[in-house]
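Trainee: Sequence first, predicted coordinates after that:
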Amino acid sequence: MKILKFGGTSVGSAERLRALAELIEDGDAKIVVLSAMSGTTNALVEITEALYAQDAVKAKGLTEALERKYRDVAAQLYGTEKALAKGLELIEAVFERLRSFALGKFGPDGERDILSQGELLSTAMFHYYLEEINVDSVLLPALDFMRLDAKDEPDMGFIETHAVDELAKYPGKRLFITQGYICRNASGEVDNLKRGGSDYTATILGAAIRAEEIQIWTDIDGMHNNDPRVVENTRPIAELSFDEAAELAYFGAKILHPTCIFPAQTRNIPVRLLNTLQPEARGTLITERSAGDDIKAVAAKDGITAIKIKSGRMLLAYGFLRAVFEIFERYKTPIDMIATSEVAVSLTIDNTRNLDAIVAELKGFCRVEVDKGLSIVCVVGSFTAEKEGYALKIFEALKNIPIRMISYGGSENNVSVLVETKLKRDALLALNKGLFLAGTSGALG
Ligand code: ADP
Ligand code: ASP
Ligand code: MG
């Protein structure tokens, strides 16, 4: 069994949904994980923001515009009265539900319910289309098996048992469709895997059923060696190791959800990144094996805050770092980068929800400076300790960019630098020129 995940663009119109039906119809057993149609989750987020702001008029306008879009897609997608009626009935029910939230008090439960509707719509609409063209498929409700534990991590035990049980209900069936992104939390409420989470659904499900391969189909021909939204002349990378891909995903390569590599890596299931707009392109194959020692790619993560902690007694005071880390642990705030000296430690975070409380506690035993508006620029590859010259190449490329912090040696796959976000583009361009283009460079915009 393979898992094939299709992102927003791949299901973004009637034409794309038709092309998708052709792409998956090769008779092989598979589970197809779908995102919401492109633009939908953003529109749903806007609706929830309007509802939080108690702006019923705005929420109504946004809901109506989205409903029109879905009615148009249904009209273009279905060729028979029967399928069209089914599609329109579904759309009516979903949008009636969205409108109902304007009537009462609005909170996180309502928000999570609204955000789940995009994937529920795309999967059911596609399932009706397959039915119409006589392709046998089963619509599996992700809410029956995708579950988070009390720490908001995937509950792998639950998911494994329930996904396997669900599939066992349909002996002989070869094509299953399910929703990406949506799940239930430990209390059983509807929840989600955060933005871009359909990739994570695919790898969690792949690990749970021990799939032979996980394919992530999107709108580009694989993982590129730099951010194609910022830099021209980027190139797809044919092969990456799990560790390299995980670093790129975590440090900003939007093509993959930040933590989606982990489940595949745990069960050693190959992940292939493929392009629905160019299905014959080779894409990127991610396995446990690295394709040689080299610098493979660059990515950047914005929204970074640096916290500099100074204590004159730090070196002698063993237990100091533990005291610092305990505070971040208590406030459930992960640390991305860290650098230490004898008298100070600097670290970075991207989740600033509890920043004020963290700083207040740190100030109880040291001096603290906070710096916002930063980006981590991350160079990924296989940098074995025995091979020399990587640092020179990277820092030679970055020689005109002021660097706030450096992390080298934390893993064999990642060299990271911290820069002001306004210099991120320059840093990505400089690295492209210095590492990949040998002399020429191009910028977008
Ligand atoms: P989907 O909706 O299919 O999940 P995403 O928009 O989440 O697609 O991811 C695909 C996009 O990721 C590409 O269109 C590209 O602009 C962006 N991207 C950012 N960094 C990279 C990279 N290093 N390689 C490929 N794509 C990248
Ligand atoms: N629809 C969700 C989002 O836009 C999940 C996904 O597309 O992966 O973030
Ligand atoms: Mg995505």
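Mentor: Everything's here; your move. Everything numeric here is computed off the predicted structure, so don't read it as measured data. Residues are numbered from 1 along each chain as shown. Ligands and ions are numbered 1, 2, ... in the order given.
Trainee: use CA for all of it now, contacts and neighbours both
Mentor: Will do.
Trainee: Around ligand 2, which positions in the stretch 1-150 of the chain sit nearby?
Mentor: Within the stretch 1-150 of the chain, the positions near ligand 2 by C-alpha under 6 Å from any ligand atom are Gly7, Gly8, Ser35, Ala36, Thr41.
Trainee: Can you tell me, leaving aside adjacent residues, what's nearest to the spatially most central residue of the chain?
Mentor: Nearest to the geometric centre of the chain sits His257, at 1.8 Å (C-alpha atoms, centre = their mean). Spatial nearest neighbour of His257, excluding adjacent residues (C-alpha to C-alpha, 6 or more residues apart in numbering): Gly196 at 5.3 Å.
Trainee: cool, Leu90 as well?
Mentor: Sequence neighbours aside, Leu121 is the residue nearest to Leu90 in space, at 7.6 Å (criterion: C-alpha to C-alpha, 6+ apart).
Trainee: ok, now Thr333?
Mentor: Distance criterion C-alpha to C-alpha, 6+ apart; nearest residue to Thr333, sequence neighbours excluded, is Asn351 at 6.3 Å.
Trainee: Give me the three-state assignment for the one you found.
Mentor: Following DSSP: H, G, I helix; E, B strand; the rest coil, the label given to Asn351 is coil.
Trainee: Tell me if the longest helix seen in the chain is near ligand 1.
Mentor: Across the chain, the helix with the greatest residue count (assigned by DSSP state H) is helix 108-132. No: using C-alpha under 6 Å from any ligand atom, we find that helix 108-132 stays clear of ligand 1, coming within 12.1 Å at best.
Trainee: Give me the buried positions along that helix.
Mentor: 110-130, 132 (16 or more other C-alpha atoms under 10 Å).
Trainee: contacts for it?
Mentor: Helix 108-132 is contacted by residues 11, 17, 21, 34-37, 40-41, 44-45, 48, 74, 77-78, 80, 83, 86-87, 90-91, 94, 98, 101, 136-139, 177-182, 189-192 when judged by C-alpha atoms under 8 Å, 6 or more residues apart in numbering.
Trainee: repeat that for 6 Å
Mentor: Contacts of helix 108-132 from elsewhere in the structure, counted by C-alpha atoms under 6 Å, 6 or more residues apart in numbering, are Ser35, Ala36, Leu44, Thr48, Gln179, Ile182, Asp191.
Trainee: From the residues you listed, which land in helices?
Mentor: If you go by DSSP H, the contacts of helix 108-132 have Leu44, Thr48 in helices.
Trainee: Narrow the contacts of helix 108-132 to those in strands?
Mentor: Gln179, Ile182, Asp191 (DSSP state E).
Trainee: contacting residues around stretch 274-289?
Mentor: So stretch 274-289 is in contact with 217-222, 237-242, 270-273, going by C-alpha under 6 Å, 6+ apart.
Trainee: now the helices: where do they sit in the stretch 1-150 of the chain?
Mentor: 14-24, 40-52, 56-77, 81-100, 108-132 (DSSP state H, counting those that start in this stretch).
Trainee: Format these as CSV; extra columns: mean pLDDT.
Mentor: Listed next are the helices of the stretch 1-150 of the chain as CSV, based on pLDDT from 0 to 100:
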stretch, mean pLDDT
helix 14-24, 97
helix 40-52, 98
helix 56-77, 97
helix 81-100, 97
helix 108-132, 98
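Trainee: could I get the ones you listed as JSON lines with distance to Asp426?
Mentor: Formatted as JSON lines, these follow (distance: least, C-alpha to C-alpha, whole Å):
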{"stretch": "helix 14-24", "distance to Asp426": "36"}
{"stretch": "helix 40-52", "distance to Asp426": "29"}
{"stretch": "helix 56-77", "distance to Asp426": "37"}
{"stretch": "helix 81-100", "distance to Asp426": "43"}
{"stretch": "helix 108-132", "distance to Asp426": "35"}
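Trainee: so which of the ones you listed comes closest to Lys387?
Mentor: Comparison of those against Lys387 by C-alpha to C-alpha identifies helix 14-24 as nearest, at 43.6 Å.
Trainee: what's the angle between the closest one and helix 108-132?
Mentor: Interaxial angle of helix 14-24 relative to helix 108-132 (axes from the mean of the first three to the mean of the last three C-alpha atoms, to 10 degrees): 70 degrees.
Trainee: For helix 14-24, list every residue counted as buried.
Mentor: Within helix 14-24, the residues scored as buried using 16+ other C-alpha under 10 Å are Ala14, Arg16, Leu17, Arg18, Leu20, Ala21.
Trainee: Kindly report the same for stretch 256-267.
Mentor: So stretch 256-267, judged by 16+ other C-alpha under 10 Å, has buried residues Leu256, His257, Pro258, Thr259, Cys260, Ile261, Phe262, Pro263, Ala264, Gln265.
Trainee: What strand or helix carries Leu167?
Mentor: Leu167 belongs to helix 156-168 when assigned by DSSP states H and E.
Trainee: Contacts for that helix, please.
Mentor: By C-alpha under 6 Å, 6+ apart, helix 156-168 touches Phe145, Met146, Ala208.
Trainee: these two touch, right, the second one and Asn185?
Mentor: No: applying C-alpha atoms under 6 Å, one finds Met146 not in contact with Asn185, separated by 8.7 Å.
Trainee: Between those two, which has more neighbouring residues?
Mentor: Neighbours were counted for Met146 and for Asn185 using other C-alpha atoms under 10 Å; Met146 has more, 28 against 22.
Trainee: I'd like the distance between the more buried one and Gln265.
Mentor: Distance, Met146 to Gln265, using C-alpha to C-alpha, to the nearest Å: 19 Å.
Trainee: Next: Lys86.
Mentor: Taking C-alpha to C-alpha, one finds Lys86 at 40 Å from Gln265.
Trainee: again, but for Ala281
Mentor: As defined by C-alpha to C-alpha, Ala281 lies at a distance of 24 Å from Gln265.
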